[in-house]
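**Q** Show me the folded form of this:
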Amino acid sequence: MKIWLCGWMMVLASAGALAQGHSEKELAEDIARHRAMAAAHEAAAKCLEAKRGEKVCMAELQTACKGLGIGKMCGMKHVH
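**A** Below you'll find the model as predicted:
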């Protein structure tokens with residue numbers, strides 16, 4: 001459910017970016033960036049499921065997200 005919702009949020013964000021006057025190239029780059037972020041977060045979820053430890057998984061997420069999003073976690077903030 002969360003992945004499905006995240007996918008729709010990315011589609012809507014991309015559509016909004018195009019409506020704001022972004023070029024097709026900029027839109028394609030944005031879509032690629034969102035897909036890379038989604039893959040990084042999916043890998044982090046699998047890491048946590050494998051009980052490899054939060055420190056290890058978050059370090060891997062930070063490495064995978066470097067240069068993709070805002071902040072150290074691809075723009076995702078946690079409540080804990």
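**Q** give me the low-pLDDT residue ranges for the chain?
**A** Low-confidence segments of the chain (pLDDT under 70): 1-19, 72-73, 76-80.
**Q** hmm, 90 instead?
**A** Residue ranges of the chain with pLDDT under 90: 1-22, 30, 33-34, 37, 62, 65-80.
**Q** Which SSE is immediately downstream of the longest helix anywhere in it?
**A** In the chain, taking DSSP state H as the definition, the longest helix is helix 24-49. Per DSSP states H and E, the first helix or strand lying C-terminal to helix 24-49 is helix 54-65.
**Q** Which positions in that following helix come out as buried?
**A** By 16 or more other CB atoms under 10 Å, the buried positions in helix 54-65 come out as 57-58, 61, 64-65. For every residue, glycine as well, the C-beta is placed using N, CA and C.
**Q** which one of those residues is nearest A39?
**A** A64 (7.7 Å; CB to CB).
**Q** and the closest one, what is it in contact with?
**A** Neighbouring residues of A64 by CB atoms under 8 Å, 6 or more residues apart in numbering: 36, 39-40, 43-44.
**Q** So which of these is the closest to S23?
**A** Using CB to CB, those come closest to S23 at A36, 19.6 Å.
**Q** Can you tell me the closest non-neighbouring residue to that closest one?
**A** Of all residues beyond its chain neighbours, the one nearest A36 is L68 (5.5 Å), with distances taken as CB to CB, 6 or more residues apart in numbering.
**Q** Equivalent analysis for A44, please.
**A** On the basis of CB to CB, 6+ apart, the spatially nearest residue to A44 that is not a chain neighbour turns out to be L61, at 4.2 Å.
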